[in-house]
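J.: Quick check, what structure comes out for this input:
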Amino acid sequence: MQSISIQVFGKVQGVWFRKSTQLKAEELGIVGTVQNLTDGSVFIEATGNEKPIQDFKNWCSEGPPHARVESLEVKEIPIKTFKNFTIIR
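T.: Coordinates of the predicted model:
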């Protein structure tokens, strides 16, 4: 298991990024949170097994169809325990 944080920059708000992220995480068996930040980026914390986390990072670099991801800032963080994958409003 590993935990990461991902900050996603680009056109990532108002394009269903958070809901799409939640659905992808659930599909991959990843738990965590996703939220919009005031600077226009999206911030994610995710915990899962190594291969699903890698697939999740790859997905985040593209995002849903209407998103335009310019860059990601990915960091390994101490293991965090979550019950599910939640959108923070």
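J.: Now do the SS call for the residue positioned nearest the centre of the chain.
T.: The centroid of the chain falls nearest to residue 44 when counting by CA atoms, centre = their mean (4.1 Å). Of the three states, residue 44 takes strand under DSSP: H, G, I helix; E, B strand; the rest coil.
J.: out of everything not next to it in sequence, what's closest to it?
T.: Using CB to CB, 6 or more residues apart in numbering and skipping residues adjacent in sequence, the residue nearest residue 44 is residue 6, 4.3 Å away. For every residue, glycine as well, the C-beta is placed using N, CA and C.
J.: Could you look up the SS state of that neighbour?
T.: With three-state DSSP as the basis, residue 6 sits in strand.
J.: so what pLDDT did it get?
T.: For residue 6, the model assigns a pLDDT of 98.
J.: Can you get me a residue count around it?
T.: Counted with other CB atoms under 10 Å, the neighbours of residue 6 add up to 22.
J.: Who are the contact partners of it?
T.: Residue 6 is in contact with 43-44, 46, 57, 60, 72-74, counting by CB atoms under 8 Å, 6 or more residues apart in numbering.
J.: Next: residue 11.
T.: 66-68.
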